[in-house]
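Peer 1: Turn this into a structure:
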Amino acid sequence: MRRIGFSSGALAYADFRRGVAMLQHKAVHALELSALRQGELRPLLEALDELDLSQFDYIALHAPSQFQEDDEKEIVSLLSGVCDRGWPVILHPDAIHHYSRWRSLGRMLCVENMDKRKPIGRTAAELQRIFDQLPEATFCFDIGHARQVDSTMTEAYFILKSFGDRLRQVHVSEVNTRSKHDPLSYASILAFQEVAGMIPEDVPVILETPVPEDQIEFEMEQALEALPVAQHELVGR
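Peer 2: You can find the predicted model right below:
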C-alpha cells in the first residue's frame, strides 16, 4: 500500500495549522508542510515544536518558490535546520540564484520538476542540467506537471527513467492550463496509470489537490487508483 498524504498548503492556503488539523483523526501518515511564499517560512519554522505531528511517519517541507537573491543565504540557513530533523526540503529549481549555496543541503534537498510556465526543470534534459549542479540532490516527481508539459506522458516516462534512482517523493494533482492544481479527474487518473509502474511502492505520495476536509479520504482513494502498486508493462515505451 502506498503512503499517501497531503500538502498543508493544498488543504488550507497559507495556513499550515489548519492544514495539519484537517488531517487529524484520519489515516494519513505523510505530510508536506508548505511555505510556498517567503513570508510563511519563518512562522512555520517557529511553530514546528508546537505542532502535533506524531501521526506522520513521513514529513517534508516545501521551500518558498520565489525569493530575492539577497535573501537566499538566509533561507538556505533556515532550511538546514529542517534537514537536521531528517525532513527533505522540496525546491523549485527556478527559485535558485546560486547553486553553490544549496549544495550544502546534500541529499536532503529534493528538486521538483516544473510546469510549462517555468523556464527550466520541465523536461528530463532540463533536469539533467540542474542535477549536474546539485549532484547529491534527490528528486520530487510532480506527475501533474509532467502531464501538463506532455499529455502523452512520454516526457514523464523519460524523467522517471533518468532520475528514478533519485526519487524521494511524488506530487499528485491535476494541473490545469493555468498551471493551477485541481482534484484528480478520470482523464488524469488514466494518464498517471501509464507510468505508475515506474514509481516504487515505498515512495511517499503527496496530494496537492485543493479539496474540502470531507473529501480527503475520497481523494486519497483516487490517488491509489491513479498510482496502483501492481507493476504493469509500459506498452510502447
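Peer 1: Make sure Phe141 is actually in contact with His171.
Peer 2: Yes: contact criterion Cβ atoms under 8 Å: Phe141 and His171 qualify, at 7.1 Å. The way it works is simple: take the backbone N, C-alpha and C, and place the C-beta from them, glycine included.
Peer 1: So for the two, which residues contact both of them?
Peer 2: Residues touching both Phe141 and His171 (Cβ atoms under 8 Å, 6 or more residues apart in numbering) are Glu112.
Peer 1: of those two, who's got more company?
Peer 2: Each of Phe141 and His171 has its neighbours counted (other Cβ atoms under 10 Å); Phe141 has more, 28 against 24.
Peer 1: what sits against the residue nearest to that one when sequence neighbours are not counted?
Peer 2: Sequence neighbours aside, Val170 is the residue nearest to Phe141 in space, at 5.0 Å (criterion: Cβ to Cβ, 6 or more residues apart in numbering). By Cβ under 8 Å, 6+ apart, the contact list for Val170 reads Cys140, Phe141, Asp142, Ile143, Ile199, Val203, Pro204, Val205, Ile206, Leu227.
Peer 1: Test for you: state the pLDDT assigned to the third one.
Peer 2: Which is Asp142. Note on Asp142: pLDDT of 98.
Peer 1: Pairing partners for the helix or strand of the chain with the lowest mean pLDDT, with directions?
Peer 2: None of the helices or strands of the chain scores lower by mean pLDDT, DSSP states H and E than strand 181-182, at a mean of 92. Paired strands of strand 181-182, with direction, are strand 174-175 (antiparallel) (DSSP bridges).
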